[in-house]
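Peer 1: Build me a model from this:
(one chain, ligands or ions: 2)
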Amino acid sequence: MLAIATPDLEELRMTGSRGAPARIAPIAGPVTVTGVAQRQAWRARELPPVEQVRSGVWSVPVTIPDNPLRYTLAYLLLSDTGAVVVDPGWDHEGGWEDLMAGFAAAGLAADRVTGIVVTHVHLDHHGLSRRLSEASGAPIAMHAAEVDALPSRIREATESDAMQTWLARCGAPADVAAEFNSDLAEMLGVFRLAEPDVLLNDGDSLDLPGRQVRVVWTPGHTPGHICLHDADHDVLLTGDHLLPRISPNIGLTPGSKDAPLASYLDSLRALGGYDGAEALPAHEYRFRGIAGRAGTLIEHHDARAQEVLDVIAASDYATVWGVTTKLTWSRGWDQINGFMRRAALFETAAHIQYLEQEGRLAIRPGAPGEPDRLEVVPVVPAGR
Ligand SMILES: [Zn+2]
Ligand SMILES: [Zn+2]
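Peer 2: Ligands and ions are numbered 1, 2, ... in the order given. Alright, predicted model coming up:
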């Protein structure tokens, strides 16, 4: 069902090629931490402070209940005539109180909010958009490509027979197929997420008089994920696209035409032009070293692609499900439960799709009732 709607699963990460120690999660990268108080709080397992990062730029931690990510960093962008709130956070009473505490620290009244912008529609970012919009009257904006990622839009497609067929072709056992239903999504309230009032595109400026904040489209983690570049202060709000310590989940949405991993790698390369900026991520802490961090994540996915090929080469009948269970994860496969198994399958499928598009593996349709079989395509040496 809803890969796109699952909360970010910090504890389930790719750990890289054959468990090489340097690549055991978290995926360390060459960053300079600028959010020192945030990192201190992270290590102490506390909520970091509300901080004024720049004149008119506030960072507000909003609690995510029962989640190892612990909080989302919402940002308040203030101008003389209004204010934009970026990623208001998870929809629960405690989260709303966190957000209002940030408003109070910044001297911002809810009725002064003139816009709500989400980097993407995951629950830990977009959850409180509806409540904030109702409290302020402010419109909600997101990238045009993100609309179709709203769970209410993809619900039918993901609950269809096509999903069961896809799972069967992956070789997923029956109990995994049975877990793909919307009960959990219903419980989490993902179908109550707000529809957008305003659609954004790459290069658009936010409606915030006196300030220059531009949309940078960075598809991958979701199809319409955006970063926001504040040119006056040279800061880049990176959402989940680029985080200092962990790697965001990049998963296939069965039935969609998106190529999430190829898009993600392109979006990482595109951040090279912002290397001078300070990164203001939606989780963990602020940092510098955008290009280096993007490079580390590209290498990580390269290593993971090689691991996928190695697993396939060593299997008699490699299936997407079989590969998923044999890859190294940040915990043992036997400790990965239903909800995370789904994320792992979609993430593996994204790698397999990418490798097929690169011509490095082939997906052979199985006989009726049998799953598809994966084969490594031998590399032809150059010059032949
Ligand atoms: Zn996310
Ligand atoms: Zn997130």
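
Peer 1: so where does the residue lying closest to A74 once chain neighbours are set aside fall, helix or strand?
Peer 2: The shortest distance from A74 to any residue that is not its chain neighbour, by CB to CB, 6 or more residues apart in numbering, is 4.5 Å, and that residue is V60. (C-beta placed from N, C-alpha, C; glycine too.) Using DSSP states H and E, the element containing V60 is strand 57-63.

Peer 1: Tell me how many other residues crowd A177.
Peer 2: When counting by other CB atoms under 10 Å, one arrives at 15 neighbours for A177.

Peer 1: likewise P368?
Peer 2: Taking other CB under 10 Å as the neighbour definition, P368 ends up with a count of 5.

Peer 1: so what's it up against?
Peer 2: Counting by CB atoms under 8 Å, 6 or more residues apart in numbering, P368 makes contact with nothing.

Peer 1: Would it be right to say that it lies in a strand?
Peer 2: No - counting by DSSP: H, G, I helix; E, B strand; the rest coil, one finds P368 to be coil, located in no strand.

Peer 1: picking that back up, what are the contacting residues of the strand holding V60?
Peer 2: Residues beyond strand 57-63 that count as contacts (CB under 8 Å, 6+ apart) turn out to be 35, 38, 47-53, 70-78, 88-90, 92, 94-95, 98-99, 101-103, 105-106, 108, 128, 230, 233, 235, 280, 286.

Peer 1: Pull up the residues of the stretch 201-350 of the chain that are close to ligand 1.
Peer 2: Applying the criterion CB under 5 Å from the ion, the portion of the stretch 201-350 of the chain that neighbours ligand 1 consists of D240.

Peer 1: residues touching P196, list them.
Peer 2: Contacts for P196 were tallied using CB under 8 Å, 6+ apart; they are 140-142, 146-147.

Peer 1: so which strand or helix has it?
Peer 2: Here P196 sits in a region with no helix or strand, counting by DSSP H and E.

Peer 1: Direction included, what does the next helix-or-strand element following the strand holding V60 pair against?
Peer 2: Along the chain past strand 57-63, the next helix or strand (assigned with DSSP H and E) turns out to be strand 71-79. Using DSSP bridges, strand 71-79 pairs in its sheet with strand 57-63 (antiparallel), strand 82-86 (antiparallel).

Peer 1: Reformat these as CSV; add mean pLDDT, mean neighbour count and distance to L297.
Peer 2: As requested, the strands paired with strand 71-79 are arranged in CSV below (pLDDT from 0 to 100; neighbours: other CB atoms under 10 Å; distance: least, CB to CB, whole Å):
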stretch, mean pLDDT, mean neighbour count, distance to L297
strand 57-63, 98, 24, 22
strand 82-86, 97, 24, 22
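
Peer 1: out of those strands, which comes closest to ligand 2?
Peer 2: Relative to ligand 2, the nearest member of those by CB to the ion is strand 57-63, separated by 10.9 Å.
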